[in-house]
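*Asks:* Give the three-dimensional model of this entry:
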Amino acid sequence: MKRSDLWLSASLLPLDFAALLAAGISAYYLRFTPALASWAPVLFRLPFFNYLKILVAVGGLWLILFFFAGLYNLHQERRLRNEIRRVIMACSLGLVVVVIYIFFFRDLFSSRFIVLAAYLLAMVYMSVLRLAMLFFKRFLYQHGWALKRVVLVGDSRTTEILWHEFAVKKQLGYEVVKRFGNFGSEEAGELETLLGFKKVDEVIQSDPNLSKAEVLRLYDFADEHHLIFKYAADLLDTKVLRVEVGEIAGLPLAEVKPTPLDGWGRISKRLFDLAVALILVIVLSPILIVVACLIKADSRGPVFYKNERVSRAGRFKLFKFRSMALQYCTGSDYANNQEALAFEQRLITEQNTKDGPVYKIGNDPRITRVGRFIRRWSLDELPQFFNVIGGDMSLVGPRPHQPREVDKYQSHHKKVLTIKPGLTGLAQVSGRSDLSFEEEVKLDTYYIENWSLWLDLGILFKTPGAILKNRQVV
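*Replies:* Have a look, this model is predicted:
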């Protein structure tokens, strides 16, 4: 999902909460207006700040109900009438919960007018909010902002319709940057050039008469380069695990979902990562300080070591506690990089214990005494919590690799770049360094295609046990 769409959709959550508070406050003051009080005298005592506490709690509960009712499903069609219908149903569900609670416990307040007025005003305010959001998004689209840049592949009436609708109706939010009649090696090369300028967000296979081989080639290309893939027919009877069907310009289009880690999944995972990483940094701070002191006492040089790694967003600096003698730290300002790199390459050639594009040096002579200890217990990885807080990594995900390793990836290996790399992952709790690279990719692919917060929690709980198992330091 395009980041601008993600931010616009995510903004509905705090805005809805504000609308619920506004509805509740409006209902409160409406009840105490002189005209209404003279017609129906107020027979109860309800201080505003006591009422506000109740209102905040009820508003939070309603948001949870709205979430499970599908009001924040980012992939549903955002037509205004459908949005209003969902708002009415979600608010009605919230009202039922409040009424049931009052019926059984009778400890909120006894004003039926405030409850009913807040319910009606909530529907009005939230509907107006969505109308404003719709106009705001259309304003952005009309001025060429936040448009989804798409490539159409096909030569059919469907292609012509989409081409025309996207050009004329900017409010749909699409901009066609290229159109191909078919998809061969020449078209793939041209599309790859466009990707170099980051000018493509989605590809749409818009011709139901394309050969199956072309469709699958296009799908593989989109999957390898992390593009959203949509198609206009049901020709993909292989490789497609998840599809969501939507409508654009009156035409049904199916979108292939490479991972459930999109939309609210992506938001919830980021919030979870941030909260847990901050807590763990505080809890583990004594260990961080002790390890830093041990490294300083054992060998000269900085405590931390920054190593370049690759993620979907590009290259970033991975933080680790330094476990090698300073003169061997490739990339360090203090090391002779040419000598360090040459020595490392010789060790890779002679002592590599891994297969495929990645390497792991067995009995590495560059490791210090403290370095061997912190590697044995994975303490050298602890500074990566700061990578998680900074947004370069997640707590759980495929392990990040160096650029020279990623350069040797085969096409199917690039699936692991679909999401942020992780401090730990399914492969790490299923065998750690004993797994082959292909086995790691299979496990990471399974994780990407079956992600959930429960799966993340399970992996996090298994990680200490995997570390405590007796493994040789390599």
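*Asks:* Averaging pLDDT per element, find the lowest-scoring helix or strand in the chain.
*Replies:* strand 243-248 (a mean of 69; mean pLDDT, DSSP states H and E).
*Asks:* beta partners for S394?
*Replies:* G422 (DSSP bridges).
*Asks:* What residues does it make contact with?
*Replies:* When contacts are counted by Cβ atoms under 8 Å, 6 or more residues apart in numbering, S394 touches 269-270, 273, 388, 419-423. Bear in mind the C-beta positions are built from the backbone N, C-alpha and C, glycine included.
*Asks:* quick one: which of these is nearest D298?
*Replies:* L423 (24.2 Å; Cβ to Cβ).
*Asks:* Now name the helix or strand holding V276.
*Replies:* helix 264-283 (DSSP states H and E).
*Asks:* Which of the residues in that helix are classified as buried?
*Replies:* Within helix 264-283, the residues that count as buried by 16 or more other Cβ atoms under 10 Å are 264-267, 269, 272-273, 276-277, 280-281.
*Asks:* same check, this time on stretch 194-212
*Replies:* 200-207, 210.
*Asks:* can you put these in CSV and add pLDDT, distance to I100 and secondary structure?
*Replies:* Converted to CSV, the buried residues of stretch 194-212 look like this (pLDDT from 0 to 100; distance: Cβ to Cβ, whole Å; DSSP: H, G, I helix; E, B strand; the rest coil):
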residue, pLDDT, distance to I100, secondary structure
V200, 92, 50, coil
D201, 91, 45, coil
E202, 93, 44, strand
V203, 95, 48, strand
I204, 94, 46, strand
Q205, 92, 49, strand
S206, 88, 49, coil
D207, 86, 53, coil
L210, 84, 54, coil
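*Asks:* Need the max-distance pair from these.
*Replies:* That would be D201 and L210, which, of the buried residues of stretch 194-212, are the farthest apart (Cβ to Cβ) at 20.8 Å.
*Asks:* Quick check: end-to-end length of stretch 169-188?
*Replies:* 28 Å (Cα to Cα, to the nearest Å).
*Asks:* same question, stretch 177-192
*Replies:* 13 Å.
*Asks:* how close does I459 get to W451?
*Replies:* 10 Å (Cβ to Cβ, to the nearest Å).
*Asks:* ugh, wrong one, S206
*Replies:* For S206, the distance to W451 - Cβ to Cβ - is 29 Å.
*Asks:* got a pLDDT number for the nearest residue to L191 once chain neighbours are set aside?
*Replies:* In space, and not counting its chain neighbours, L191 is closest to V151: 6.3 Å by Cβ to Cβ, 6 or more residues apart in numbering. For V151, the pLDDT comes out at 95.
*Asks:* what pairs with V151 across the strands?
*Replies:* V151 has these beta-bridge partners by DSSP bridges: K178, V203.
*Asks:* can you count the residues close to it?
*Replies:* A total of 26 residues lie near V151 under the criterion other Cβ atoms under 10 Å.
*Asks:* can you check L20 too?
*Replies:* Counted with other Cβ under 10 Å, L20 comes out at 26.
*Asks:* Could you do the one 3 residues further on as well?
*Replies:* Around A23 sit 23 other residues, with neighbours defined as other Cβ under 10 Å.
*Asks:* Name all residues that make contact with S11.
*Replies:* Per Cβ under 8 Å, 6+ apart, neighbours of S11: M133.
*Asks:* for H401, same thing?
*Replies:* 309-310, 357-358.
*Asks:* farthest-separated two in those residues?
*Replies:* R309 and P357 (13.7 Å).
*Asks:* which of these two has more neighbours?
*Replies:* Using other Cβ under 10 Å as the criterion, R309 and P357 rank with R309 on top: 20 against 16.
*Asks:* Look up the closest residue to the more buried one, ignoring the ones flanking it.
*Replies:* Nearest to R309 is P400, by Cβ to Cβ, 6+ apart, at 3.8 Å.
*Asks:* phi, psi of that neighbour?
*Replies:* phi -80, psi 150 (degrees, to the nearest 10).
*Asks:* if I look at it, how far off is Y119?
*Replies:* For P400, the distance to Y119 - Cβ to Cβ - is 49 Å.
*Asks:* So for these two, which sits in the more crowded spot?
*Replies:* P400 (25 against 18).
*Asks:* could you measure that one against D364, distance?
*Replies:* P400 is 20 Å from D364, by Cβ to Cβ.
*Asks:* Same question for D380.
*Replies:* Separation of D380 from D364 (Cβ to Cβ): 13 Å.
*Asks:* So what's the residue count around L288?
*Replies:* 17.
*Asks:* Check the one 5 residues further on too.
*Replies:* Around C293 there are 12 other residues, counting by other Cβ under 10 Å.
*Asks:* residues making contact with the host helix or strand of it?
*Replies:* C293 belongs to helix 285-298 when assigned by DSSP H and E. Helix 285-298 is contacted from outside by 281, 303, 321-322, 368-371, 373-374, 379, 382-383, using Cβ under 8 Å, 6+ apart.
*Asks:* And stretch 351-370, by the same measure?
*Replies:* 291, 294-295, 297-299, 323-325, 328, 343-344, 347-348, 375, 401, 405-410, 413, 433, 436-438, 472-474.
*Asks:* How about Y125: what's its closest non-neighbour residue?
*Replies:* Using Cβ to Cβ, 6+ apart, the closest residue to Y125 is A19 (4.1 Å).
*Asks:* hang on, the one you found packs against A122?
*Replies:* Yes: taking contacts as Cβ atoms under 8 Å, A19 lies within contact range of A122: 6.7 Å.
*Asks:* Compare these two (neighbour count), which wins?
*Replies:* Neighbours were tallied for A19 and for A122 using other Cβ under 10 Å; the higher tally belongs to A122 (27 against 23).
*Asks:* Would you confirm that that one belongs to a strand?
*Replies:* No: counting by DSSP: H, G, I helix; E, B strand; the rest coil, A122 is not part of a strand but helix.
*Asks:* close enough to count as contact, it and C91?
*Replies:* Yes: here A122 reaches C91: they are 5.2 Å apart, a contact under Cβ under 8 Å.
*Asks:* Residues that sit against both of those two, list them.
*Replies:* In contact with both A122 and C91: W62, using Cβ under 8 Å, 6+ apart.
*Asks:* Point out where the stretch 1-150 of the chain drops to low pLDDT.
*Replies:* 1, 42-44, 74-78, 105-110 (pLDDT under 70).
*Asks:* Kind regards, and thank you for your time.
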